[in-house]
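**Student:** no sequence for this one, just the structure:
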């Protein structure tokens, strides 16, 4: 186990010496609008560039990156999504734009290197499940909002989910499977209406709002820009 500054290129060159495989999962994830949009985007992109650049110099055989459905969905609302779908950058909220630009940077480096290494992208929906940490991230914040109904109103919208254990399994399989090389994989187990998180509210008995937004109003609400509209997945 080693510690390295994600922004330190020299550090990553040393860390990746002797590595055969890399799983690159590090990227900032927040709900809502960040204080500094460019900082969020540049962090995701630069960290990806640093890790892959160091990996190429050290002859790493294969890299699996954790992207997101956020790099696919914005601008394609109502369309049938698949692994060839890319988001429209002009319609991306900050987090989506960070994932889109970071993933594109990875594929560009792959091409620029002459495909000297194998690259796979894992694109999950909202990742939920057991945790090893006590700190609260974006996914946890979403669950807290559902438990306490921390929304001004309940949006009439769905959000795709995937279990963290399934996502971990997908990363391992991506490393082990030669046929996965050069491909993207969209991960989703099911899509739930926000109102379907009733089990959480019943368990913790918080105060909940009864005001519902129409689907049109939900899709127009800037405060809900991090939520995905109804998904059609192929």
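**Tutor:** Sure thing, it's come through. None of these values were measured; they are calculated from a predicted model.

**Student:** what about the residue lying closest to residue 100 once chain neighbours are set aside, distance to residue 52?
**Tutor:** Counting by C-beta to C-beta, 6 or more residues apart in numbering, the nearest residue to residue 100 once its immediate chain neighbours are dropped is residue 71, at 4.3 Å. Glycine gets a C-beta too; all of them are placed from N, C-alpha and C. Going from residue 71 to residue 52 by C-beta to C-beta, to the nearest Å gives 16 Å.

**Student:** What of residue 42?
**Tutor:** Using C-beta to C-beta, residue 42 is found at 16 Å from residue 52.

**Student:** Looking at those two, which has the bigger crowd around it?
**Tutor:** Neighbours per residue (other C-beta atoms under 10 Å) separate residue 42 from residue 52, with residue 52 holding more: 27 against 15.

**Student:** who are the neighbours in contact with that one?
**Tutor:** By C-beta atoms under 8 Å, 6 or more residues apart in numbering, the contact list for residue 52 reads 24, 63, 105-106, 109-110.

**Student:** So which of those is surrounded by the most neighbours?
**Tutor:** residue 63 (26 neighbours).

**Student:** Okay, helices next: where are they in the chain?
**Tutor:** 9-15, 37-57, 94-112, 138-148, 164-176, 198-204, 215-220 (DSSP state H).

**Student:** got those as a markdown table, with mean pLDDT and distance to residue 183 columns?
**Tutor:** What follows is the helices of the chain, written out as a markdown table (pLDDT from 0 to 100; distance: least, C-beta to C-beta, whole Å):
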| stretch | mean pLDDT | distance to residue 183 |
| --- | --- | --- |
| helix 9-15 | 87 | 25 |
| helix 37-57 | 88 | 17 |
| helix 94-112 | 94 | 11 |
| helix 138-148 | 69 | 25 |
| helix 164-176 | 94 | 9 |
| helix 198-204 | 64 | 35 |
| helix 215-220 | 42 | 31 |
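
**Student:** can these go into TSV with extra columns for distance to residue 3?
**Tutor:** Shown next, in TSV, are the helices of the chain (distance: least, C-beta to C-beta, whole Å):
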stretch	distance to residue 3
helix 9-15	9
helix 37-57	15
helix 94-112	22
helix 138-148	23
helix 164-176	21
helix 198-204	35
helix 215-220	42
